[in-house]
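[1] this is a predicted model, with the sequence first.
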Amino acid sequence: MRILLIGYGKMGRTIERLALAKGHQIVAALSVEDASTLASYTKDQVDVAIEFTSPDAAVSNIMTCLEKGIPVVCGTTGWLQHLPQVTATCQQHNGALFYASNFSVGVNLFFHFNEYVAQKMQQYPEYGVQVKEIHHVHKLDQPSGTALTIAEGILKNYPDKQGWVNDKTTSPDILGIESEREGEVVGTHVVQYTSPNDTFELHHIAHSREGFAAGALLAAEWLPGKQGIFGMTDLLQL
Ligand SMILES: NC(=O)C1=CN([C@@H]2O[C@H](COP(=O)(O)OP(=O)(O)OC[C@H]3O[C@@H](n4cnc5c(N)ncnc54)[C@H](OP(=O)(O)O)[C@@H]3O)[C@@H](O)[C@H]2O)C=CC1
Ligand SMILES: O=C(O)C1=N[C@H](C(=O)O)C[C@H](O)C1
(Lines give C-alpha, C1' and ligand atoms only; values in the text may rest on other atoms or scores of the structure.)
(Ligands and ions follow the chains in the order given, each with its own letter.)
Protein backbone atom coordinates (compact mmCIF):
# COMPACT_ATOMS: atom_id res chain seq x y z
CA MET A 1 0.00 0.00 0.00
CA ARG A 2 1.14 3.57 -0.72
CA ILE A 3 0.92 5.49 2.56
CA LEU A 4 1.18 9.25 3.08
CA LEU A 5 2.30 9.98 6.65
CA ILE A 6 1.05 13.32 7.96
CA GLY A 7 3.09 14.05 11.09
CA TYR A 8 6.58 12.68 11.52
CA GLY A 9 7.01 12.72 15.28
CA LYS A 10 6.96 9.87 17.81
CA MET A 11 3.98 8.13 16.19
CA GLY A 12 4.78 8.96 12.55
CA ARG A 13 8.26 7.43 12.90
CA THR A 14 6.98 4.29 14.68
CA ILE A 15 4.32 3.75 12.01
CA GLU A 16 6.90 4.24 9.24
CA ARG A 17 9.11 1.51 10.74
CA LEU A 18 6.25 -1.01 11.07
CA ALA A 19 4.83 -0.13 7.62
CA LEU A 20 8.15 -0.68 5.86
CA ALA A 21 8.60 -4.00 7.71
CA LYS A 22 5.18 -5.09 6.34
CA GLY A 23 6.20 -4.18 2.78
CA HIS A 24 4.21 -0.95 2.47
CA GLN A 25 5.54 2.10 0.66
CA ILE A 26 5.83 5.52 2.35
CA VAL A 27 5.03 8.09 -0.36
CA ALA A 28 6.13 10.95 1.94
CA ALA A 29 6.35 11.75 5.64
CA LEU A 30 5.19 15.33 6.21
CA SER A 31 6.27 17.40 9.19
CA VAL A 32 5.29 20.99 10.03
CA GLU A 33 7.68 22.45 7.42
CA ASP A 34 6.04 20.36 4.66
CA ALA A 35 2.46 20.98 5.84
CA SER A 36 1.66 23.20 2.84
CA THR A 37 2.57 20.38 0.41
CA LEU A 38 -0.27 18.13 1.63
CA ALA A 39 -2.70 19.59 -0.93
CA SER A 40 -0.37 18.59 -3.79
CA TYR A 41 -0.92 14.83 -3.24
CA THR A 42 -3.68 13.08 -5.20
CA LYS A 43 -5.68 9.87 -4.76
CA ASP A 44 -3.78 8.47 -7.76
CA GLN A 45 -0.51 8.69 -5.83
CA VAL A 46 -1.71 7.68 -2.35
CA ASP A 47 -3.88 4.75 -1.17
CA VAL A 48 -4.29 6.05 2.37
CA ALA A 49 -3.05 8.87 4.63
CA ILE A 50 -2.19 8.35 8.30
CA GLU A 51 -2.47 11.51 10.40
CA PHE A 52 -0.74 11.87 13.80
CA THR A 53 0.03 15.57 14.34
CA SER A 54 -1.38 17.96 16.92
CA PRO A 55 -4.86 19.00 18.09
CA ASP A 56 -4.56 22.31 16.17
CA ALA A 57 -3.47 20.77 12.87
CA ALA A 58 -5.64 17.65 12.64
CA VAL A 59 -8.93 19.10 11.39
CA SER A 60 -7.38 20.96 8.47
CA ASN A 61 -5.33 17.88 7.49
CA ILE A 62 -8.39 15.61 7.63
CA MET A 63 -10.46 18.07 5.59
CA THR A 64 -7.76 18.29 2.89
CA CYS A 65 -7.61 14.49 2.59
CA LEU A 66 -11.40 14.22 2.39
CA GLU A 67 -11.61 16.95 -0.25
CA LYS A 68 -8.95 15.16 -2.31
CA GLY A 69 -10.63 11.77 -2.03
CA ILE A 70 -7.76 10.29 0.01
CA PRO A 71 -8.95 7.88 2.77
CA VAL A 72 -7.53 9.09 6.08
CA VAL A 73 -6.73 7.33 9.36
CA CYS A 74 -6.43 9.84 12.19
CA GLY A 75 -5.01 9.18 15.65
CA THR A 76 -4.53 12.76 16.73
CA THR A 77 -6.52 13.55 19.87
CA GLY A 78 -8.02 16.81 21.18
CA TRP A 79 -10.04 17.92 18.12
CA LEU A 80 -13.36 16.06 18.53
CA GLN A 81 -15.34 19.26 19.21
CA HIS A 82 -15.05 19.76 15.41
CA LEU A 83 -16.46 16.32 14.56
CA PRO A 84 -19.82 17.69 13.21
CA GLN A 85 -17.97 19.85 10.67
CA VAL A 86 -15.67 16.97 9.70
CA THR A 87 -18.66 14.60 9.35
CA ALA A 88 -20.40 17.06 7.00
CA THR A 89 -17.29 17.31 4.80
CA CYS A 90 -16.88 13.54 4.79
CA GLN A 91 -20.48 13.09 3.61
CA GLN A 92 -20.21 15.86 1.02
CA HIS A 93 -17.18 14.20 -0.62
CA ASN A 94 -18.25 10.56 -0.06
CA GLY A 95 -15.00 10.28 1.85
CA ALA A 96 -13.53 7.81 4.33
CA LEU A 97 -12.22 8.66 7.80
CA PHE A 98 -11.07 6.25 10.49
CA TYR A 99 -10.61 7.81 13.94
CA ALA A 100 -9.62 6.19 17.23
CA SER A 101 -8.58 7.91 20.44
CA ASN A 102 -6.42 4.83 20.96
CA PHE A 103 -5.47 2.25 18.30
CA SER A 104 -4.08 -0.37 20.68
CA VAL A 105 -6.04 -3.64 20.70
CA GLY A 106 -5.52 -3.92 24.48
CA VAL A 107 -7.03 -0.50 25.12
CA ASN A 108 -10.02 -1.29 22.92
CA LEU A 109 -10.63 -4.45 24.98
CA PHE A 110 -10.29 -2.21 28.05
CA PHE A 111 -13.00 0.11 26.60
CA HIS A 112 -15.28 -2.89 26.21
CA PHE A 113 -14.72 -4.19 29.76
CA ASN A 114 -14.97 -0.65 31.15
CA GLU A 115 -18.56 -0.34 29.87
CA TYR A 116 -19.49 -3.77 31.23
CA VAL A 117 -18.02 -3.00 34.67
CA ALA A 118 -19.69 0.44 34.79
CA GLN A 119 -23.05 -1.13 33.98
CA LYS A 120 -22.64 -3.49 36.96
CA MET A 121 -21.12 -0.98 39.37
CA GLN A 122 -23.75 1.73 38.98
CA GLN A 123 -26.07 -0.61 40.89
CA TYR A 124 -23.81 -0.25 43.96
CA PRO A 125 -23.83 3.40 45.03
CA GLU A 126 -21.39 2.77 47.88
CA TYR A 127 -18.66 2.65 45.21
CA GLY A 128 -17.40 5.97 43.87
CA VAL A 129 -15.76 5.93 40.43
CA GLN A 130 -12.91 7.98 39.04
CA VAL A 131 -10.57 7.96 36.05
CA LYS A 132 -6.86 8.73 36.02
CA GLU A 133 -4.47 9.08 33.08
CA ILE A 134 -0.69 9.53 33.13
CA HIS A 135 1.33 10.62 30.07
CA HIS A 136 4.70 12.08 29.11
CA VAL A 137 5.37 15.77 29.68
CA HIS A 138 5.27 16.61 25.92
CA LYS A 139 1.56 15.82 25.59
CA LEU A 140 -0.44 18.86 24.44
CA ASP A 141 -4.02 17.81 25.26
CA GLN A 142 -5.62 17.05 28.60
CA PRO A 143 -7.47 14.86 29.46
CA SER A 144 -6.16 12.28 27.01
CA GLY A 145 -8.46 11.17 24.17
CA THR A 146 -8.41 7.68 25.68
CA ALA A 147 -9.58 8.99 29.08
CA LEU A 148 -12.46 10.77 27.32
CA THR A 149 -13.54 7.55 25.59
CA ILE A 150 -13.36 5.77 28.97
CA ALA A 151 -15.43 8.57 30.54
CA GLU A 152 -18.06 8.25 27.78
CA GLY A 153 -18.36 4.51 28.53
CA ILE A 154 -18.87 5.21 32.24
CA LEU A 155 -21.23 8.17 31.83
CA LYS A 156 -23.63 6.31 29.58
CA ASN A 157 -24.15 3.88 32.49
CA TYR A 158 -24.38 6.54 35.22
CA PRO A 159 -27.41 8.68 34.23
CA ASP A 160 -27.15 10.72 37.47
CA LYS A 161 -23.71 12.05 36.54
CA GLN A 162 -23.97 15.22 34.48
CA GLY A 163 -20.56 15.07 32.81
CA TRP A 164 -16.87 15.05 33.69
CA VAL A 165 -14.39 17.43 35.21
CA ASN A 166 -10.63 17.34 34.62
CA ASP A 167 -9.82 17.01 38.32
CA LYS A 168 -10.21 14.71 41.31
CA THR A 169 -13.67 15.00 42.81
CA THR A 170 -15.82 13.21 45.39
CA SER A 171 -19.05 14.69 43.98
CA PRO A 172 -21.54 11.96 42.99
CA ASP A 173 -22.94 14.23 40.23
CA ILE A 174 -19.82 14.43 38.10
CA LEU A 175 -17.04 12.08 36.96
CA GLY A 176 -13.52 13.12 37.91
CA ILE A 177 -10.71 12.60 35.37
CA GLU A 178 -7.32 13.20 36.92
CA SER A 179 -4.42 13.95 34.51
CA GLU A 180 -0.77 13.61 35.45
CA ARG A 181 2.26 14.47 33.27
CA GLU A 182 5.44 12.62 34.20
CA GLY A 183 8.73 12.02 32.34
CA GLU A 184 8.36 9.84 29.23
CA VAL A 185 5.34 7.76 30.35
CA VAL A 186 3.85 6.30 27.13
CA GLY A 187 0.25 6.11 28.36
CA THR A 188 -1.38 4.76 31.53
CA HIS A 189 -5.14 4.71 32.20
CA VAL A 190 -6.90 3.65 35.40
CA VAL A 191 -10.57 3.36 36.32
CA GLN A 192 -10.93 3.09 40.06
CA TYR A 193 -13.99 2.07 42.09
CA THR A 194 -13.71 2.75 45.83
CA SER A 195 -16.07 1.96 48.69
CA PRO A 196 -15.41 2.48 52.42
CA ASN A 197 -14.35 -1.19 52.51
CA ASP A 198 -12.32 -1.78 49.37
CA THR A 199 -10.97 -0.56 46.05
CA PHE A 200 -10.71 -2.23 42.70
CA GLU A 201 -9.20 -0.98 39.49
CA LEU A 202 -9.08 -1.53 35.74
CA HIS A 203 -5.54 -0.60 34.78
CA HIS A 204 -3.92 -0.34 31.33
CA ILE A 205 -0.23 0.47 30.85
CA ALA A 206 1.23 0.94 27.37
CA HIS A 207 4.85 -0.27 27.36
CA SER A 208 5.69 1.24 23.96
CA ARG A 209 4.04 3.02 20.99
CA GLU A 210 4.14 -0.12 18.84
CA GLY A 211 0.63 -1.21 19.84
CA PHE A 212 -0.82 2.15 18.73
CA ALA A 213 1.16 2.05 15.47
CA ALA A 214 0.19 -1.56 14.66
CA GLY A 215 -3.51 -0.72 15.18
CA ALA A 216 -3.29 2.39 12.99
CA LEU A 217 -1.67 0.31 10.23
CA LEU A 218 -4.42 -2.33 10.47
CA ALA A 219 -6.99 0.47 10.08
CA ALA A 220 -5.07 1.87 7.10
CA GLU A 221 -5.06 -1.55 5.40
CA TRP A 222 -8.82 -1.90 6.02
CA LEU A 223 -10.10 1.59 5.07
CA PRO A 224 -9.46 2.06 1.31
CA GLY A 225 -12.61 1.43 -0.76
CA LYS A 226 -14.98 2.29 2.11
CA GLN A 227 -17.15 5.39 2.62
CA GLY A 228 -18.06 6.96 5.96
CA ILE A 229 -16.62 7.45 9.42
CA PHE A 230 -15.24 4.38 11.16
CA GLY A 231 -13.63 3.38 14.44
CA MET A 232 -12.06 0.37 16.14
CA THR A 233 -15.41 -1.31 16.84
CA ASP A 234 -15.80 -1.64 13.04
CA LEU A 235 -12.41 -3.33 12.77
CA LEU A 236 -12.13 -5.59 15.83
CA GLN A 237 -14.25 -8.47 17.10
CA LEU A 238 -15.01 -7.23 20.63
N1 LIG B 1 -4.86 7.34 18.73
C2 LIG B 1 -3.76 6.78 19.24
O3 LIG B 1 -3.65 5.55 19.36
C4 LIG B 1 -2.63 7.67 19.65
C5 LIG B 1 -2.77 9.01 19.52
N6 LIG B 1 -1.72 9.83 19.77
C7 LIG B 1 -1.95 11.24 19.46
O8 LIG B 1 -1.29 11.52 18.22
C9 LIG B 1 -0.83 12.86 18.20
C10 LIG B 1 0.66 12.88 17.85
O11 LIG B 1 1.38 12.19 18.83
P12 LIG B 1 2.98 12.06 18.75
O13 LIG B 1 3.41 11.48 17.46
O14 LIG B 1 3.37 11.41 20.02
O15 LIG B 1 3.38 13.61 18.80
P16 LIG B 1 4.73 14.28 18.31
O17 LIG B 1 4.73 15.67 18.86
O18 LIG B 1 5.89 13.41 18.58
O19 LIG B 1 4.55 14.35 16.72
C20 LIG B 1 3.64 15.18 16.07
C21 LIG B 1 4.30 15.62 14.81
O22 LIG B 1 3.38 16.28 13.97
C23 LIG B 1 4.03 17.39 13.41
N24 LIG B 1 3.05 18.34 12.94
C25 LIG B 1 2.36 19.28 13.64
N26 LIG B 1 1.53 19.95 12.82
C27 LIG B 1 1.69 19.42 11.58
C28 LIG B 1 1.11 19.66 10.31
N29 LIG B 1 0.22 20.63 10.11
N30 LIG B 1 1.51 18.90 9.24
C31 LIG B 1 2.42 17.94 9.40
N32 LIG B 1 3.02 17.68 10.58
C33 LIG B 1 2.65 18.39 11.66
C34 LIG B 1 4.93 17.89 14.53
O35 LIG B 1 5.98 18.67 14.03
P36 LIG B 1 6.88 19.56 15.09
O37 LIG B 1 7.63 18.57 15.91
O38 LIG B 1 7.78 20.34 14.19
O39 LIG B 1 5.90 20.40 15.86
C40 LIG B 1 5.45 16.58 15.09
O41 LIG B 1 6.58 16.11 14.43
C42 LIG B 1 -1.20 13.44 19.56
O43 LIG B 1 -2.45 14.11 19.44
C44 LIG B 1 -1.38 12.21 20.45
O45 LIG B 1 -2.28 12.43 21.50
C46 LIG B 1 -0.52 9.37 20.19
C47 LIG B 1 -0.33 8.03 20.38
C48 LIG B 1 -1.38 7.07 20.13
O1 LIG C 1 -0.22 11.65 23.39
C2 LIG C 1 0.01 10.44 23.55
O3 LIG C 1 1.18 10.01 23.68
C4 LIG C 1 -1.12 9.52 23.55
N5 LIG C 1 -2.27 9.97 23.20
C6 LIG C 1 -3.48 9.25 23.07
C7 LIG C 1 -4.53 9.82 23.99
O8 LIG C 1 -4.62 11.05 24.11
O9 LIG C 1 -5.30 9.07 24.56
C10 LIG C 1 -3.29 7.76 23.16
C11 LIG C 1 -2.18 7.29 24.03
O12 LIG C 1 -2.59 7.26 25.36
C13 LIG C 1 -0.90 8.09 23.86
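    That came in fine, so what should we check first? Numbering: from 1, shown residues only. Ligands and ions are numbered 1, 2, ... in the order given.

[2] make it CA atoms for all contacts and neighbour counts henceforth
    OK.

[3] can you report phi and psi for the residue positioned nearest the centre of the chain?
    Residue closest to the mean C-alpha point of the chain, counted by Cα atoms, centre = their mean, is Ser101 at 1.1 Å. Backbone geometry at Ser101, expressed as degrees, to the nearest 10, gives phi -70, psi -20.

[4] can you count the residues close to the closest residue to Asp173 other than its chain neighbours?
    Of all residues not flanking Asp173 in the chain, Lys161 sits nearest, at 4.4 Å (Cα to Cα, 6 or more residues apart in numbering). Counted by other Cα atoms under 10 Å, the residues lying close to Lys161 total 15.

[5] repeat that for the one 4 residues further on.
    Using other Cα under 10 Å, the number of residues around Val165 comes to 13.

[6] my guess is it contacts Gly176. True?
    Yes: shown here, Val165 and Gly176 form a contact pair, counting by Cα atoms under 8 Å, at 5.2 Å.

[7] can you classify the residue nearest to Asp173 by secondary structure?
    Secondary structure assignment for Lys161 (DSSP: H, G, I helix; E, B strand; the rest coil): coil.

[8] could you do Ile15 as well?
    helix.

[9] and it, how far is that from Phe103?
    Counting by Cα to Cα, to the nearest Å, the separation of Ile15 from Phe103 is 12 Å.

[10] who touches both of those two?
    Shared contacts of Ile15 and Phe103, defined by Cα atoms under 8 Å, 6 or more residues apart in numbering, are found at Ala213, Ala214, Ala216.

[11] what sits against the first one?
    Same thing as Ala213. Met11, Thr14, Ile15, Leu18, Phe103, Ser104.

[12] ok, of these, which come out buried?
    By neighbour count, with 16 or more other Cα atoms under 10 Å, the contacts of Ala213 hold Met11, Thr14, Ile15, Phe103, Ser104 as buried.

[13] so stretch 157-168, near ligand 2 or not?
    No: using Cα under 6 Å from any ligand atom, stretch 157-168 stays clear of ligand 2, coming no nearer than 13.6 Å.

[14] rounded mean pLDDT for that stretch, please.
    Mean per-residue pLDDT for stretch 157-168: 97.

[15] got the domain boundaries for this structure?
    Residue ranges for each domain of the chain read 2-103+210-235, 105-205, as given by automatic domain parsing.

[16] please name every helix or strand in contact with the longest helix belonging to the chain.
    As assigned by DSSP state H, the longest helix anywhere in the chain is helix 105-121. Secondary-structure packing of helix 105-121 (3 or more Cα pairs under 8 Å, 6 or more residues apart in numbering; DSSP states H and E): helix 145-155, strand 199-205.

[17] partner strands of the last one and their direction?
    Right, strand 199-205. Partners of strand 199-205 in the sheet, by DSSP bridges, are strand 188-194 (antiparallel).

[18] the partner strand to helix 105-121, inter-axis angle?
    Angle, strand 188-194 to helix 105-121, by axes from the mean of the first three to the mean of the last three Cα atoms, to 10 degrees: 10 degrees.

[19] report the buried residues of strand 188-194.
    Neighbour-count burial for strand 188-194 [16+ other Cα under 10 Å]: Thr188, His189, Val190, Val191, Gln192, Tyr193.

[20] touching ligand 2 at all, it?
    No: contact of strand 188-194 with ligand 2 (Cα under 6 Å from any ligand atom) is absent, the minimum separation being 6.8 Å.

[21] list the neighbours of that strand that are in contact with it.
    Contacts for strand 188-194 (Cα under 8 Å, 6+ apart): 114, 126-135, 146-147, 199-206.

[22] drop anything exposed from these.
    Here, 16+ other Cα under 10 Å leaves 114, 127-135, 146-147, 206 buried among the contacts of strand 188-194.

[23] can you pull out the helices in this structure?
    Under DSSP H, the chain gives helices at 10-21, 55-67, 83-92, 105-121, 145-155, 210-222, 232-235.

[24] understood, closing this out.
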